[in-house]
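Q: I would like the atomic coordinates for the input below:
(chains A and B, ligands or ions: 2)
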Amino acid sequence: MALLTVRNLHARVAGKDILKGIDLEVAPGEVHAIMGPNGSGKSTLASVLAGRDGYEVTQGEVLFDGKPLLELSPEARAAAGVFLAFQYPVEIPGVGNIHFLRTALNAQRRSKGLEELDAMDFLQLAKEKSKLVQLDAAFMNRSVNEGFSGGEKKRNEIFQMAVLEPRLAILDETDSGLDIDALRTVAGGVNALRSPERGMVLITHYQRLLDYIVPDKVHVIAAGRIVRSGGRELALELEEKGYGWLGLDGGKKTTAEARR
Amino acid sequence: MTAALAHYLDVATRFQAAPEQASAPQWLKRLRADALAHFERQGLPTTRDEAWKYSRLGSIAEGTFIPRTGVSRDTAHLSAVVERLGLPGPRLVFVDGRLAPELSSVAGLPRGLTLKPLRDAVREDGELLESVLGQRALANEHAFTALNAALLEEGVLLRLAPGALSEVPVQVVFLTRGDAPVLSSPRILVVAGESSEASLVETYASAGPAGSAATFTNAVTEVTLGDNASLHHYKVQVEADAALHVGALHARQGRDSRFASHAFAFGGAMARNEVHAAFAGEGGDATLNGLYVGQGAQHLDNRTALDHAVPRCTSRELYKGVLDGQSRGTFHGLIRVRQDAQHTDSRQQNRNLLLSESAQADARPQLEIFADDVKCAHGAAVGRLDAQALFYLRSRGVPQAEAERLLTYAFAREVVEAVPAGPVRANIEALLAVKLPGAAQREVTA
Ligand SMILES: Nc1ncnc2c1ncn2[C@@H]1O[C@H](COP(=O)(O)OP(=O)(O)OP(=O)(O)O)[C@@H](O)[C@H]1O
Ligand SMILES: [Mg+2]
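A: Numbers count the residues shown, from 1 in each chain, chains lettered A, B, ... in the order given. Ligands and ions are numbered 1, 2, ... in the order given. Take a look at the predicted model:
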């Protein structure tokens, strides 16, 4: 059975239709890449899946593990195993990174009827997982993302994913703003979390990421619809030709190259 | 004349005429009588008074409160309350405005420090008292200060000899029992000699069961800092829901002195806290911090006034409010920089977090600057929990209510963390955790 099934999803934000019929199926163990021009609705799809306020689903449905997802609160989705690595991770002054993450993990464990981890056990776990993305222990004691560089914020997202061990990870432009070493580290962290039970959706503008994390499928979103799906070669083709050849609305000549 | 004013005048007149006051020193009788006249002339403040514009007196203006006379105390219960609230170390405890010797102890007071009940100081340190009492907190300018002086009897003298250093905080604890509508009028005097350093914690709390009667505490603190002296002053007000509280602290700072006021207002139906600091010598430094946390129908009123009268002094203010339910918080911060006070460096910040639709915050910075070569900055903000941050936390699995508490505590802790690490801070953290339950789990660092 598919882990995630999105059927004919329509959503609007601030009175504006953004998603206009998305269909997507992610099976356990699969990695899907989603590409597409700026403003095409990639982050909107991610936000709708994670349960952000302000998005009105006007048509369609989303099943997670065969069960309706959209009726759940964000925290219930997280507990069910949905994780969103934010395109723009939020800075939260005054809330310690490690305290926040332990609170989150324990809330998820509680909802599954598991025993909570005490501070010491959690610290052990966090230390182990932080090695995966080479996040220095000093970051764990700071406020959530406060004063982190762009790259550090992205590493922190993957670190959180490693600790929370979701079943479906949606990574929204986790590669943007990373230098080549950081990209390798983050991709290594993501690859380490690939497993036969876990599905992943990578939103990206750059084929480069897909050299490190090889996807099973690639989709192109334009103007709120998936206009093309294929294998990894589709990403290479996009890299070469941009989005123009797909025959998207004529005016937009944005290409992946031009954005660099 | 309002009925309430007549009531308080009557209370004070009877007090001054009571036979046991006949033996009071002349200067004290005079001070009380003058104060009574000032009180009568000023009357109770109303919202038409500039300084009370956003305030409300609540049942203070109904005039039913009277000083406690007879004393019978449940020592076991009260000492449990003191243990729970207080810190180890020297302390004087007052119950319903009356000294409770059985709950007090000045053992362990460091050398060079004197902590004594005001009654004793009146007998033993008359000359000193005459020179400071009523000199910082002026009865002719503040009606409630005048009322406090008209009823002046109980309180504390903390005296620091020149060069005296105290590591342990000195505490004064004021408990009200709420079995009757009691009026307490404590006066706290701090006289810090040159280059002395100490911390003083004033705690105001209720010892009665929930649903006790309203009480009215009208406290005045006068601080005189000698040259290069340093005082950390903490005011922890955690009185019961029905309590009414008016407190005014006035500090006069000598050259190069450092004064830090940390005011925590968590309790009371109406609590007004004033902190006034005046620089009398160059090079002084004042830090005025405050955290007010209101729920239900609480009205928490904060006023600060900094008087930069001389050059080269520094002041920093950070007041934060967390307001839930129908509560209302106000901040009115005056910074006056007089013509001579060149090179003043002053910063004031007031930030409020509203947790409900009907909570309300009023921020009123007031800068009066008459010198030209100064740095003065101020900022005021009223906001709600950050929706982005809330979603971020929830998206990781933190339930909404817990996420809201985490963010609320994160907002409030800045003021708590301005308290130097140690038992006083731990105590305040614990009290904040009671006020904002579930939010204050301690962090373990890697
Ligand atoms: N809260 C909002 N209010 C109004 N418009 C919005 C809001 N959120 C998104 N939009 C609009 O929806 C469209 C899709 O935005 P979205 O962020 O999903 O694009 P994207 O594909 O992720 O783009 P990018 O590649 O730049 O990240 C854009 O036109 C954007 O302006
Ligand atoms: Mg996006």
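Q: Give the helix, strand or coil label for the nearest residue to B:Glu153 once chain neighbours are set aside.
A: Computed as CB to CB, 6 or more residues apart in numbering or on different chains, the closest residue to B:Glu153 that is not its neighbour in sequence is B:Arg119, at 6.9 Å. For glycine as for every other residue, the C-beta is placed from the backbone atoms N, C-alpha and C. For B:Arg119, the assignment made with DSSP: H, G, I helix; E, B strand; the rest coil gives helix.
Q: Distance check, the residue of chain A found nearest chain B against B:Phe264.
A: Per CB to the nearest CB, the residue of chain A with the smallest distance to chain B is A:Gly94, at 2.8 Å. Look at A:Gly94 and B:Phe264: by CB to CB, to the nearest Å, they are 17 Å apart.
Q: Enumerate the residues of chain A near ligand 1.
A: Taking CB under 6 Å from any ligand atom as the contact definition, chain A meets ligand 1 at A:13-14, A:16, A:18, A:36, A:38-44, A:54, A:87.
Q: Neighbour-wise, give me the winner out of the residues you listed.
A: Highest neighbour count within these, by other CB atoms under 10 Å in any protein chain shown: A:Gly36, with 28 neighbours.
Q: Show the model's pLDDT score for it.
A: On pLDDT, A:Gly36 comes in at 93.
Q: next one: B:Asp179
A: Predicted confidence (pLDDT) for B:Asp179: 89.
Q: try the one 3 residues further on
A: Here the pLDDT value assigned to B:Val182 is 95.
Q: what about the residue in the stretch 251-400 of chain B positioned nearest to ligand 2, which SS state?
A: As assessed by CB to the ion, ligand 2 sits closest to B:Gln388 within the stretch 251-400 of chain B, at 14.8 Å. Counting by three-state DSSP, the backbone at B:Gln388 sits in helix.
Q: Over to B:Ser79?
A: Going by three-state DSSP: B:Ser79 is helix.
Q: That one is in contact with B:Leu103, isn't it?
A: Yes: B:Ser79 is in contact with B:Leu103 according to CB atoms under 8 Å; the separation is 5.6 Å.
Q: So which of those two has more stuff around it?
A: Remark: of B:Ser79 and B:Leu103, B:Leu103 carries more neighbours, 21 against 16, as counted by other CB under 10 Å.
Q: Look up how far B:Glu83 lies from the nearest residue to that one once chain neighbours are set aside.
A: By the measure of CB to CB, 6+ apart, the closest residue to B:Leu103 outside its immediate chain neighbours is B:Val93, 3.8 Å from it. Separation of B:Val93 from B:Glu83 (CB to CB) stands at 11 Å.
Q: Same question for B:Arg405.
A: Distance of B:Arg405 to B:Glu83, given as CB to CB: 28 Å.
Q: Contact partners for the residue nearest to B:Glu153?
A: B:Arg119 sits next to B:99, B:153-154 when contact means CB atoms under 8 Å, 6 or more residues apart in numbering or on different chains.
Q: Go through these and name the one nearest ligand 2.
A: Nearest to ligand 2 among these, counting by CB to the ion, is B:Glu154 at 66.1 Å.
Q: give me the number of residues near that closest one?
A: Residue crowding around B:Glu154 was assessed by other CB under 10 Å; the count is 20.
Q: likewise A:Ala11?
A: For A:Ala11, the neighbour count with other CB under 10 Å is 23.
Q: Now do the same contact list for B:Ala100.
A: Shown in contact with B:Ala100 (CB under 8 Å, 6+ apart): B:73, B:78, B:93-94, B:175.
Q: any idea how far it lies from ligand 2?
A: As judged by CB to the ion, to the nearest Å, B:Ala100 and ligand 2 stand 65 Å apart.
Q: Kindly report the same for A:Arg184.
A: Separation of A:Arg184 from ligand 2 (CB to the ion) stands at 23 Å.
Q: where does the residue lying closest to A:Val227 once chain neighbours are set aside land on pLDDT?
A: The spatially closest residue to A:Val227, leaving aside those adjacent along the chain, is A:Val220, at 5.4 Å (CB to CB, 6+ apart). Listed pLDDT for A:Val220 reads 95.
Q: How about A:Thr255?
A: At A:Thr255, pLDDT is 43.
Q: Give me the neighbour count for residue 97.
A: Here I'm looking at chain A. 24.
Q: actually it's chain B I care about, not the one you picked
A: Using other CB under 10 Å, B:Gly97 has 24 other residues around it.
Q: next one: A:Thr58
A: By other CB under 10 Å, the residues close to A:Thr58 number 12.
Q: Double-check it against A:Lys16; I have them as touching.
A: No: the criterion here is CB under 8 Å, and A:Thr58 misses it with A:Lys16 at 11.4 Å.
Q: Against which helices or strands is the strand or helix carrying B:Arg272 packed?
A: B:Arg272 is part of strand B:270-279, with elements assigned from DSSP states H and E. Packing partners of strand B:270-279 (3 or more CB pairs under 8 Å, 6 or more residues apart in numbering or on different chains; DSSP states H and E): strand B:230-238, strand B:244-253, strand B:258-265, strand B:285-294, strand B:299-308.
Q: Okay, and the residue nearest to B:Leu385 when sequence neighbours are not counted sits in which element?
A: Nearest non-adjacent residue to B:Leu385, counting by CB to CB, 6+ apart: B:Leu407, 5.2 Å away. Element membership for B:Leu407, per DSSP H and E: helix B:400-417.
Q: Need the CA coordinates for that helix. CSV is fine.
A: Provided in CSV are the C-alpha atoms of helix B:400-417 (Å, rounded to 0.1, in the frame of the first residue of the first chain):
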residue,chain,number,x,y,z
GLN,B,400,-0.7,23.2,20.6
ALA,B,401,-1.1,24.0,24.3
GLU,B,402,2.4,22.9,25.1
ALA,B,403,3.8,24.9,22.2
GLU,B,404,2.0,28.0,23.4
ARG,B,405,3.4,27.5,26.8
LEU,B,406,6.9,27.0,25.5
LEU,B,407,6.7,30.2,23.5
THR,B,408,5.2,32.1,26.4
TYR,B,409,7.9,31.0,28.8
ALA,B,410,10.5,31.8,26.2
PHE,B,411,9.2,35.3,26.1
ALA,B,412,9.2,35.7,29.8
ARG,B,413,12.5,34.1,30.6
GLU,B,414,14.5,37.0,29.3
VAL,B,415,13.6,39.0,32.5
VAL,B,416,14.3,36.0,34.7
GLU,B,417,17.6,35.4,33.1
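Q: So the helix or strand that it is followed by, near chain A or not?
A: Next helix or strand after helix B:400-417 toward the C-terminus (DSSP H and E): helix B:423-435. No: on the criterion CB under 8 Å from any CB of the partner chain, helix B:423-435 is out of touch with chain A, staying 12.9 Å away.
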